[in-house]
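# pasting a predicted model and its sequence here:
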Amino acid sequence: MISRKYRIHAILIVTFLIIVIYPQYSRQPDENKTTASTAAALEFLQLVDTGQIENSWLISAEYLRNSVPLADWKAKLAKMRTDYGPIVERKRTAASFTAPADDLPDREVILLTFGSKFENQPDAAESVTLLLVADSGWRVVGYFIK
């Protein structure tokens, strides 16, 4: 039997682990949401990869289209893709719920991270933020490459 002194330490350690691990676990979207949001992100990324930048803007969430004019979107993505070069490989590495924008407080937002290799940047991370839109599913509201 474990002595009282060690039981208290064990209880404190278990409690600490629960406090640290549970919040990380609870931020993970369920498999259906992860699958659906990943499919939407990959559709979006395919358009960007093939130079269909205007179409990528058109299928994004209204929130993004209202925030970033099409001309700015085209210029930023064209420059980004010129700098990085064509995509060589992409693999999703993380999916988590993220805080919604201030003006969309009651919406579900998922952040997907992809480990990506580009011709000019072999070690990059692409972040795609998606918003659950009631009538059309997951739609992109943000795209960044680090």
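Everything's here; your move. Source: prediction; values computed, not measured.
# neighbours of Lys48, just the number please.
Careful, residue 48 is Val; it's not Lys. By other Cβ atoms under 10 Å, 20 other residues sit near Val48. In this view, the C-beta of every residue, glycine as well, is placed from N, C-alpha and C.
# quick one: Thr93 from Ala124, how far?
11 Å (Cβ to Cβ, to the nearest Å).
# mind checking which of those two has more residues around it?
Using other Cβ under 10 Å, the more surrounded residue of Thr93 and Ala124 is Ala124, with 17 against 12.
# what sits closest to the more buried one if chain neighbours are left out?
Ser116 (4.7 Å; Cβ to Cβ, 6 or more residues apart in numbering).
# can you list the strands that the helix or strand the one you found falls within pairs with?
Using DSSP states H and E, Ser116 sits in strand 109-118. Applying DSSP bridges, strand 109-118 is found paired with strand 87-97 (antiparallel), strand 124-133 (antiparallel).
# deepest in the core, which of those strands is it.
Mean neighbours per residue, mean count of other Cβ atoms under 10 Å, is largest over the strands paired with strand 109-118 for strand 124-133, with a mean of 20.
# what does that one rub up against?
With contact meaning Cβ atoms under 8 Å, 6 or more residues apart in numbering, strand 124-133 is reached by 33, 37, 40-41, 44-45, 61-63, 84, 90, 93, 98, 100, 104, 107-118, 138-146.
# switch to 7 Å and redo it
37, 40-41, 44, 61, 63, 84, 90, 98, 104, 107-118, 138-146 (Cβ atoms under 7 Å, 6 or more residues apart in numbering).
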